[in-house]
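In: Need coordinates for the following:
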Amino acid sequence: MQQYQRAGNAGGGGAAMGPATAAAVRRRCEGTAMGAITLDLRPGQGIGPFSLGMPISEAFAQIEHQPNIYDVVHVKYLDEEPLKLDMVISFPDHGFHLRFDPWSQRLRLIEIFDVKRLQMRYATSLIGGPSTLATFVAVYALFGPTFPGIYDTERGIYTLFYPGLSFAFPIPGQYTNFFNKGEVLAELPLEFPDGTTPVTCRVSIFDGSSDGKVGVGSSMDKAVVPPLPTGSLYMEEVHAKLGDGIWFTVGGQHIPFGASPQDIWTELGRPCGIHQKQVDQMVIHSASDPRPRTTLCGDYFYNYFSRGIDILFDGQTHKIKKFVLHTNFPGHSDFNSYMKCNYVIYDAETEGAVQPGTRTKNCITPSTKWEQVKEILGDGGRAAIQTQGSMNNPFGPTFVYGYQNIAFEVMKNGYIATVTLFQS
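Out: Next up is the predicted model:
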C-alpha cells in the first residue's frame, strides 16, 4: 500500500513515500491542540462536504477549499495494482476516511474509525466527539428503533444497521452470552447487567438503495457506488480508432483529426484551459525535420480536464494533430489534474463506429496493462524515458513507447498513464 501526504494545490500529486510508510508534512505545528470538528451526518448520502458517488477530484477540491480544517491528509492506494483495492483519503486528526472505487474513482464508502475524534450532527442533535459518547443507548435514542443487528463472533463486534448507516460496537468477552449465532438475545437498546452500554467504535455511511448491510470486515465490500444520474458525462466512454479520431458515446460527438478550434467549441464547449506548447521535445528524434533545434513550437493545447483529454492544434494550420487521453492513476505526476478518461481504443481495421459498452478482443482500455498492449500491437521496441526530476515528479520516470498512430506513457507498475493519438 502506497501512502503519501496530499497537501498543496489540487493539481499536484503530493510527496511519494515508500510502501507502508506515512508522509505527514503538516501545515500546522506538531502538537498544536485541536478540538474535534463537527460535520453534518447524512445517512445514505455523506458527511460534511463529502457525498457518496462524488469523484475523487471533487473530494480534493473540498479539502483544498478548507485547508485549516483538513490540514493533514493521507492518500493510500496499492502501488503495484491500483485497480485491486480502494483508493483511500484518510484524515487521521479527525478519525475518518473516504473509500473510492479504484476503477470509477467515485466515493463508495465513508468510515469513521475514531468516533471520539469526530463530532457528528444529525438533525439538531450531536453525537460523537470527545464530549458526547456515541453509546448504544445514545445511538438508539437519536436514530430510533431498528431491527436487531449482527454479531461477529470472530471480532467480538455487534453492528446495528439503519438505511445507509451502520454502527459497530465492541462487546466485552464476559457478555458474549447476550448473543447466539450472530443474533442478539437481549432487548434493545442494549445494556449490560453492570449498567454499562457499548460505545461505538466505527460508523459506516454507504448507499442504502441496494439494501446491503455494510459493516466491518468483509461486509465493507458490499458498499457500492451510487448510480450516476441519467445523461451524466462522468466516465463517458470515449471511442478511438487509430488514425481516425475520437467519438463520445453519451453526447454523440465525433472529433476527427484536422478539426478546427471552432469545431471543438461547437462540439465540446469552452475548454477548461488553453496553453501554448513551448518546445516540441520530440522533434530532435526526427532526422528529416529541417527546423533549428532551438525553434519554439507554435502548437497549442485545449485542455478538457473534466473529460481527461488534451487536444493539440498545429500552430500554423490550426487543425487537430494529437489527442492525449489521461487515466488519472495515483502514482503519476498528473494525478488529480484530470478526471479519468474512459477510453476504448480499436485498431484501424475495425469497421464502422462501435456501440457504447461493446468490446472487441483487441481493444485497449484504461484497465489494459502494458504487457497486454504488446500482445495486441506487438513489441513496442525501446522506450523513451520521461522524467521531470525528483523534485517535480517524486514518483519516478515513466516510459514512452510509440507505434503507428499511437504512443503510450507507461508507469513503473505496467499501467498506462496517458495515450497519445496522432496521424502518422
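In: now Leu107, nearest residue through space, not along the chain?
Out: Using C-beta to C-beta, 6 or more residues apart in numbering and skipping residues adjacent in sequence, the residue nearest Leu107 is Met54, 5.0 Å away. Every residue, glycine included, has its C-beta placed from N, CA and C.
In: For that neighbour, give its distance to Ile345.
Out: The spacing between Met54 and Ile345, counted by C-beta to C-beta, to the nearest Å, is 28 Å.
In: next one: Tyr302
Out: From Tyr302 across to Ile345, the span is 20 Å (C-beta to C-beta).
In: more neighbours, these two?
Out: Using other C-beta atoms under 10 Å, the more surrounded residue of Tyr302 and Ile345 is Ile345, with 23 against 20.
In: Pull the residues that contact the helix or strand harbouring that one.
Out: According to DSSP states H and E, Ile345 maps onto strand 342-346. Outside of strand 342-346, the residues that reach it under the criterion C-beta atoms under 8 Å, 6 or more residues apart in numbering are 235-242, 246, 308, 325, 354, 359-360, 362-366, 406, 419, 421.
In: Put the buried members of those residues into a PyMOL selection.
Out: A single PyMOL command suffices to select whichever of the contacts of strand 342-346 are buried according to 16 or more other C-beta atoms under 10 Å:
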select buried, resi 235+236+237+238+239+240+241+242+246+308+325+354+363+364+366+406+419+421
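In: picking up where we left off before, quick one: mean pLDDT over the strand holding Ile345.
Out: Per-residue confidence for strand 342-346 averages out to 94 on the pLDDT scale.
In: So for the very next helix or strand once past that strand, what gets flagged as buried?
Out: Towards the C-terminus, the helix or strand next in line after strand 342-346, according to DSSP H and E, is helix 370-377. Taking 16+ other C-beta under 10 Å as the basis for neighbour counts, the residues of helix 370-377 that come out buried are Trp370, Val373, Leu377.
In: And stretch 73-85, by the same measure?
Out: Within stretch 73-85, the residues that count as buried by 16+ other C-beta under 10 Å are Val73, His74, Val75, Lys76, Tyr77, Leu78, Asp79, Pro82.
In: now stretch 85-101
Out: Counting neighbours by 16+ other C-beta under 10 Å, one finds that the buried residues in stretch 85-101 are 86-91, 93-101.
In: hmm, which two among the residues you listed are most spread apart?
Out: Distances among these were taken as C-beta to C-beta; the most separated pair is Asp93 and Asp101, at 25.1 Å.
In: Need the distance between the two termini of stretch 49-58.
Out: Stretch 49-58 has an end-to-end distance of 10 Å (criterion: C-alpha to C-alpha, to the nearest Å).
In: those strands in the stretch 251-400 of the chain, which residues are they?
Out: 254-256, 273-276, 300-304, 309-313, 320-326, 342-346, 384-386, 398-403 (DSSP state E, counting those that start in this stretch).
In: so which of those strands comes closest to Gly215?
Out: Each of these was scored for nearness to Gly215 using C-beta to C-beta, and the closest is strand 342-346 (31.2 Å).
In: Measure how the closest one sits relative to helix 370-377, angle-wise.
Out: With axes from the mean of the first three to the mean of the last three C-alpha atoms, to 10 degrees as the basis, strand 342-346 and helix 370-377 are set at 30 degrees to each other.
In: Dump the C-alpha coordinates for strand 342-346 into PDB.
Out: Provided in PDB are the C-alpha atoms of strand 342-346 (Å, rounded to 0.1, in the frame of the first residue of the first chain):
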ATOM      1  CA  ASN A 342     -12.800   6.100 -20.000                       C
ATOM      2  CA  TYR A 343     -11.400   5.400 -23.500                       C
ATOM      3  CA  VAL A 344     -11.800   2.300 -25.700                       C
ATOM      4  CA  ILE A 345      -9.200   2.200 -28.500                       C
ATOM      5  CA  TYR A 346      -9.700   0.000 -31.600                       C
END
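In: how far does it sit from the chain's center?
Out: Offset of strand 342-346 from its chain centre (C-alpha atoms, centre = their mean, to the nearest Å): 19 Å.
In: Can you tell me how far the one residue sitting closest to the centre of the chain is from His239?
Out: Compute the mean C-alpha point of the chain, and by C-alpha atoms, centre = their mean the closest residue is Gln105, 3.1 Å away. Here Gln105 is placed at a distance of 20 Å from His239 (C-beta to C-beta).
In: other SSEs contacting the helix or strand encompassing Ala168?
Out: Counting by DSSP H and E, the secondary-structure element that holds Ala168 is strand 165-170. For strand 165-170, the contact count by 3 or more C-beta pairs under 8 Å, 6 or more residues apart in numbering; DSSP states H and E identifies helix 136-143, strand 157-162, strand 202-206 as packing neighbours.
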